[in-house]
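Visitor: I'll drop the sequence and a predicted model, then ask my questions.
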Amino acid sequence: MQNLITILTSSVGRKILMAITGLSLALFMAFHLFGNLFLFVGEAAFNSYVEKLHKLGFLIRIAEFFLVLFVMSHAYSGILLWIKNRKAKKVISSYSKGNTSGAAKYAAFTGSVVFIFLATHWSTFWYKFNFDLQGMSYYYVVTESSVGFGSPIVSIFYIVAIALLGYHLKHGIASAGQTLGVVGTKYESIYNNISAIFWFWIPLGFISIPIWFGFIVRVI
Amino acid sequence: MNINLKVWRQKSGENKGLLKTYRLENIDPNISFLEMLDILNIKLVKEKNDPVAFDHDCREGICGSCGFMINGRPHGPQKATTVCQLHMRAFNNEDDIILEPFRAKSFPVIKDLSVNRKAFDKIISSGGYVSTNTGEAPEANSTIIEKENADEAFLSSACIGCGACVAACKNSSAMLFTSAKVSHLSLLPQGKEEGKDRVTKMVATMDSEGFGACTNTGACSAECPKEIGQINIARLNQEYILSSLFSFLKSRK
Ligand code: HEM
Ligand code: SF4
Ligand code: FES
């Protein structure tokens, strides 16, 4: 057991943990987006979707527990490795900054913005939906209230944070393929082909919601 | 051709370093980069100055001794080329050329452009070996090796341990080097004996020697003089996952 702990807390072990938690969160985003898109179907559809979810009760709580656990362990390992890497290197050269892509270089930064976003997301949307509806409908909370896209500040922060999450995943998904050893196997090309769904199309889907309800609907 | 060199001068690891400028005139563009440094050093010695320290041995691109940063790039501007195989014709007349040591906490500066790469030796000695029978060399065909594996192992074995990958990496990670060694041995039947925990031992040493963690950015392969590919890192990770599962199952028994 001691042996296994040593293995899982090595730099490679932590990366494997990050890859598994990160990919699971990216998969979760697909389900989450599916639900959110009911907003475009209409008020009744969205409200009844949320009510159905809440009826699952206990199951939802378990899923939420794992979501929080995954975000925390992903962020924890990410920060630990970031610190280790900062200690290992001061500068590449006084002349050049090297050839690393921006998405890779800023992964810890984009991840941290996403973390702040998730914290506010939970303390506003999640809290309201579960404990503080004050007679509002779910649809109203999202589209009109001051914690939702009724506030342009919320909308803009949402758009920026999700865009950065997409940028995080642009590197993250490719990196996870390497970390989990998919690269070099026959699954590599399938993996690369579907990765854009997760780092581009799904974040774009999320962003479409504040753009529509926060801005376009208010102008037309 | 004439060049203006800016060379990192540092008496020892404890002293602070700085870039010093030297001008060389009438350099033959067909001499090698290290021969150009020899000319500089002869000049410095004649002027009773301290010559520039730099590592070199084979000067034919196979030993891994040479290596420093030229204009911010390990081994200089030419792809898949060690410093010793680089020629002055890769530069232009009146170029400014900046020379710095490989920078990484795990590669402390010994003097000027020379760094201590002992940490690599420690990674190797923690797992980069095979158990073989001594005595007469066995008949070549007594161990059959698939062509594909032999080719891949050959590519991985091309790593000369120069450390350019660490220097190129924003995290000073030694993953490319370590993964080339792990791949090379794990692809061949001779390496199977120690295969179960070679990778975990080598990664543990890599961590304890202070190298950073790989963030799969690929800067290393782009600068590697032997074009060691990212596939090696994926292979190390596969080996690592298998080895952890193995050790988990063993601990349950
Ligand atoms: C909560 C705040 C977060 C922080 C602080 C964070 C930080 C990081 C860091 C530092 C890396 C390493 C990047 C690299 O290898 O260069 C990373 C990788 C990754 N992140 Fe995040 N991240 C966060 C949230 C997320 C979320 C919400 C997702 C998914 C929806 C995600 C998905 C990934 C994936 C798939 C990887 C690749 C793992 C690997 O390198 O193998 N991250 N993250
Ligand atoms: S992987 Fe390439 S850059 Fe790194 S030590 Fe080996 S030969 Fe040098
Ligand atoms: S001196 Fe041997 S590789 Fe350059």
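Guide: Now that the structure is in, tell me what you want to look at. Ligands and ions are numbered 1, 2, ... in the order given.

Visitor: who touches residue B:239 in this structure?
Guide: Contacts for residue B:239 (Cβ atoms under 8 Å, 6 or more residues apart in numbering or on different chains) come out as B:182, B:186, B:195, B:198, B:199. For the C-beta atoms, the positions are set from N, CA and C on the backbone; glycine is no exception.

Visitor: mind running it again at 10 Å?
Guide: A:12, A:181, B:179, B:182-183, B:185-186, B:195-196, B:198-200, B:202-203 (Cβ atoms under 10 Å, 6 or more residues apart in numbering or on different chains).

Visitor: And those, which is closest to ligand 2?
Guide: Taking Cβ to the nearest ligand atom as the measure, ligand 2 sits nearest to residue B:179 out of these, at 8.1 Å.

Visitor: which element is the residue nearest the centre of chain A on?
Guide: Closest to where the C-alpha atoms of chain A average out (Cα atoms, centre = their mean) is residue A:165, at 5.8 Å. Here residue A:165, judged by DSSP states H and E, is contained in helix A:152-179.

Visitor: close to chain B, is that helix?
Guide: Yes - counting by Cβ under 10 Å from any Cβ of the partner chain, chain B has neighbours in helix A:152-179: A:171, A:172, A:174, A:175, A:176, A:177, A:178, A:179.

Visitor: Which one (most neighbours) among those residues?
Guide: Counting neighbours by other Cβ atoms under 10 Å in any protein chain shown, residue A:172 leads those with 30 neighbours.

Visitor: That one against residue A:195, yeah?
Guide: Yes - applying Cβ atoms under 10 Å, one finds residue A:172 in contact with residue A:195, separated by 9.5 Å.

Visitor: intersection of neighbour lists for the two?
Guide: Common neighbours of residue A:172 and residue A:195, using Cβ under 10 Å, 6+ apart, are residue A:26.

Visitor: What residues does residue A:201 make contact with?
Guide: A:30, A:33, A:166.

Visitor: What pLDDT does the model give it?
Guide: Reading off the confidence values, residue A:201 has pLDDT 98.

Visitor: thinking again about what came up before, who are the packing partners of the helix holding residue A:165?
Guide: Applying 3 or more Cβ pairs under 10 Å, 6 or more residues apart in numbering or on different chains; DSSP states H and E, one finds that helix A:152-179 contacts helix A:11-36, helix A:102-105, helix A:107-121, helix A:188-196, helix A:202-209, helix B:231-252.

Visitor: could those be laid out in JSON lines, adding distance to ligand 1?
Guide: Formatted as JSON lines, the helices and strands packed on helix A:152-179 follow (distance: least, Cβ to the nearest ligand atom, whole Å):
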{"stretch": "helix A:11-36", "distance to ligand 1": "3"}
{"stretch": "helix A:102-105", "distance to ligand 1": "5"}
{"stretch": "helix A:107-121", "distance to ligand 1": "2"}
{"stretch": "helix A:188-196", "distance to ligand 1": "10"}
{"stretch": "helix A:202-209", "distance to ligand 1": "9"}
{"stretch": "helix B:231-252", "distance to ligand 1": "9"}
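
Visitor: pLDDT value on the closest residue to ligand 3 within chain A, please?
Guide: The minimum distance from chain A to ligand 3, using Cβ to the nearest ligand atom, falls at residue A:93 (19.4 Å). Note for residue A:93: predicted pLDDT of 84.

Visitor: returning to that earlier point: now the residue nearest to the centre of chain A. Nearest residue, chain neighbours left out?
Guide: Closest residue to residue A:165 apart from its sequence neighbours, by Cβ to Cβ, 6 or more residues apart in numbering or on different chains: residue A:114 at 4.9 Å.
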